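**Q** Got a sequence here, can you build the structure:
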Amino acid sequence: MWNCLLHTSMGVFLIEICDTSHWRLDMSDEETKGDWIAQKLVHHIDKINGMAGAAVIDQVITDSAGDCKKARRLLKEKYCGRICVSACAAHTLDLLLEDIGKHKRFAKVIAKLRVIAEYKDANGGKELDKHCATRFCTEVYMAESAKANFEALKKTVVSKPMDAFMKCKKKPNAKEPSYFSFTKGEGLSHHQLGKLTKECVLCPAFWKDVDDFLAVTAEVFKALRLTDCENPTSAEIFMRMAAMKSSLENNTFVAADGREFELNDAEHETILKAFESRWEMLHSPIHSAAFTLNPRYTHVHSFSGDAQLEHDELLLSWLSEADVHLYKDQFRNFKEKTGIFANPILWSKTALEKDADAWWGDWGAGKKVLHDFAVRVTSQPISIGAAERCWKAYAHIHCPKRNRLGPERAPKLVRVHYNLRLRRKRSNPEYEDVHLPAMALDPIEEAAGDLSVEDDSD
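**A** Reported below is the predicted structural model:
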């Protein structure tokens, strides 16, 4: 199944749920599933633009799956910059976390944490966060949970129930994910599991590796938390990725205990390549333009480099020649903080705590061309979390009690149900969007203003 949604100022609307199992029937032998996805997206784009009477689609965000890679390339070739195309930021950053976790040292730590997570306090205390393949940042949450319950784990591994557990030589069901094996996929016995858990919990070197993993993935985790929402965060992702790249290039990390460490050359090179690959996958000119127009970062922005070039290219694609000249005059006022932008209230801490789209909604209306373009780029989403959350509505409609619903009727009912819920919420006078300011998620200090990521944002 494949979800297609439309993100508007009124909310996120579900357009279609497609059954992808029969895609081959619609295509020739030479065409692939990526061609089919591209054709479906073009069909919906043309349909929406036709209904609106103008080109109103600014951006297409797809999953990070391999089939979508070709679809993104075809859409870029067709629309030539008029519509920006990128992969979902949340999915891509989660892939970056997985890339880091696949490195030999960290892979061993994660594998051991998956076993440790199955144990809880011998006194019936809180269970640890377990590995979940469909949950973003599952490795980080698992490591943080183990660290937070370190003292309880130490008591558990030396308790009498643990000794009794280790005396059992029986092998558990190897198919259960809780008994993840490091030895050729074979299930470990209770004695082996208990022994491994006890060794890890009481080993300082293991917890040192856990701290190193959390320190290396800290910036990735913060960026993923920021992007995994339906709020417009296009104005923040560029700076987040700049801070992340600066951290990786400096190769100096600080663990939770204040200890500084560096990755060895092989680890450093592998992780840096993974970052560059994922950044290329998720980057869009909208991110550069939104960053350029984010009032929070004017003090660190040189208004030059690739970010400014991509901002100008998007400007030429979206505005007429007359509006471009007018925009440049108005943009100069914003950059130099002159005219209506000279008022210190606009640059106060209270004003800058708002997200960029909210800031432009409050100020700059006197510069209409600049204001409209700024709102247009800073209000863009960068992830497809809403598409993933559609499956909750699908599970409610197509459940065991309604298992006779056909593959054509069920998606139609889901689309009606999903959009009616949005309409009901919007018609409620007490309804208010839950909008979490990006500043609440560990604000980036001025010292993190290294914009060297601009050199690679092709």
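
**Q** From here on, just use CA atoms for contacts and neighbour counts.
**A** Noted.

**Q** What segments of the stretch 201-350 of the chain are helices?
**A** For the stretch 201-350 of the chain, applying DSSP state H, counting those that start in this stretch gives helices covering 204-216, 218-227, 234-250, 265-282, 285-292, 306-318, 321-336, 349-352.

**Q** which secondary structure elements does the second one contact?
**A** Helix 218-227 makes packing contacts with helix 89-101, helix 234-250 when contacts are defined by 3 or more Cα pairs under 8 Å, 6 or more residues apart in numbering; DSSP states H and E.

**Q** same check, this time on the third one
**A** In terms of contacts (3+ Cα pairs under 8 Å, 6+ apart), helix 234-250 is packed against helix 218-227, helix 265-282, helix 285-292, helix 368-378.

**Q** what is the mean pLDDT for that helix?
**A** The pLDDT scores in helix 234-250 average 89.

**Q** same deal with the shortest one?
**A** Taken as a whole, helix 349-352 has an average pLDDT of 88.

**Q** What are the contacting residues of it?
**A** Applying Cα atoms under 8 Å, 6 or more residues apart in numbering, the contact partners of helix 349-352 are 295-296, 345-346, 359.

**Q** cool, the longest one as well?
**A** With contacts defined as Cα under 8 Å, 6+ apart, helix 265-282 is touched by 86-89, 92-93, 95-96, 99-100, 103, 241, 245, 248-249, 251, 456-458.

**Q** Now that helix: buried residues?
**A** 268, 271, 274-275, 278-279, 281-282 (16 or more other Cα atoms under 10 Å).

**Q** before we move on, back to that, now restrict the contacts of helix 265-282 to buried residues only.
**A** 86-89, 92-93, 95-96, 99-100, 241, 245, 248, 251, 457.

**Q** now, which of these sits nearest Gln308?
**A** Ser457 (11.0 Å; Cα to Cα).

**Q** Please name the nearest non-neighbouring residue to the residue lying farthest from the centre of the chain.
**A** Distance from the C-alpha centroid of the chain peaks at Lys167, with 44.3 Å (Cα atoms, centre = their mean). Among residues not flanking Lys167 along the chain, His191 sits closest, at 6.0 Å (Cα to Cα, 6 or more residues apart in numbering).

**Q** Per-residue confidence at the one you found, what does it come out as?
**A** At His191, the pLDDT recorded in the model is 71.

**Q** cool, and Tyr179?
**A** At Tyr179, the pLDDT value in this model is 36.

**Q** The residue farthest from the centre of the chain and Cys88, how far apart?
**A** Counting by Cα to Cα, to the nearest Å, the gap from Lys167 to Cys88 is 48 Å.

**Q** Distance-wise, check Val300 relative to Lys335.
**A** Val300 is 12 Å from Lys335, by Cα to Cα.

**Q** Who has more neighbours out of those two?
**A** Higher neighbour count among Val300 and Lys335: Lys335, with 17 against 13, using other Cα atoms under 10 Å.

**Q** Could you measure from that one over to Ala111?
**A** 50 Å.

**Q** Quick check: phi and psi on Asp257?
**A** phi -90, psi 10 (degrees, to the nearest 10).

**Q** per-residue pLDDT, it?
**A** 85.

**Q** Tell me, how many residues neighbour it?
**A** Neighbour number of Asp257 under other Cα under 10 Å is 8.

**Q** Would you map the helices across the stretch 1-150 of the chain?
**A** Under DSSP H, counting those that start in this stretch, the stretch 1-150 of the chain gives helices at 33-52, 66-79, 89-101, 104-116, 138-148, 150-157.

**Q** what angle separates the fourth one from helix 204-216?
**A** Spelled out, that is helix 104-116. Put simply, helix 104-116 runs at 110 degrees to helix 204-216, going by axes from the mean of the first three to the mean of the last three Cα atoms, to 10 degrees.

**Q** which other helices and strands contact helix 104-116?
**A** So helix 104-116, by 3+ Cα pairs under 8 Å, 6+ apart, packs with helix 89-101, helix 138-148, helix 190-201, helix 204-216.

**Q** Could you export these as JSON lines, including distance to Gln380?
**A** Output for those, formatted as JSON lines (distance: least, Cα to Cα, whole Å):
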{"stretch": "helix 89-101", "distance to Gln380": "12"}
{"stretch": "helix 138-148", "distance to Gln380": "27"}
{"stretch": "helix 190-201", "distance to Gln380": "45"}
{"stretch": "helix 204-216", "distance to Gln380": "29"}
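
**Q** Out of those helices, the one nearest Ser28 is which?
**A** Among the helices and strands packed on helix 104-116, the nearest to Ser28 by Cα to Cα is helix 89-101 (30.2 Å).

**Q** Keeping just the C-alphas, turn that closest one into PDB.
**A** Coordinates of each C-alpha in helix 89-101 appear next as PDB, following Å, rounded to 0.1, in the frame of the first residue of the first chain:
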ATOM      1  CA  ALA A  89      14.000  14.000   6.500                       C
ATOM      2  CA  ALA A  90      12.800  11.800   9.400                       C
ATOM      3  CA  HIS A  91      13.300   8.600   7.400                       C
ATOM      4  CA  THR A  92      16.700   9.700   6.000                       C
ATOM      5  CA  LEU A  93      18.000  10.700   9.400                       C
ATOM      6  CA  ASP A  94      16.900   7.400  10.900                       C
ATOM      7  CA  LEU A  95      18.800   5.700   8.100                       C
ATOM      8  CA  LEU A  96      21.900   7.800   9.200                       C
ATOM      9  CA  LEU A  97      21.400   6.500  12.700                       C
ATOM     10  CA  GLU A  98      21.300   3.000  11.300                       C
ATOM     11  CA  ASP A  99      24.500   3.600   9.300                       C
ATOM     12  CA  ILE A 100      26.300   4.700  12.500                       C
ATOM     13  CA  GLY A 101      24.900   1.700  14.300                       C
END
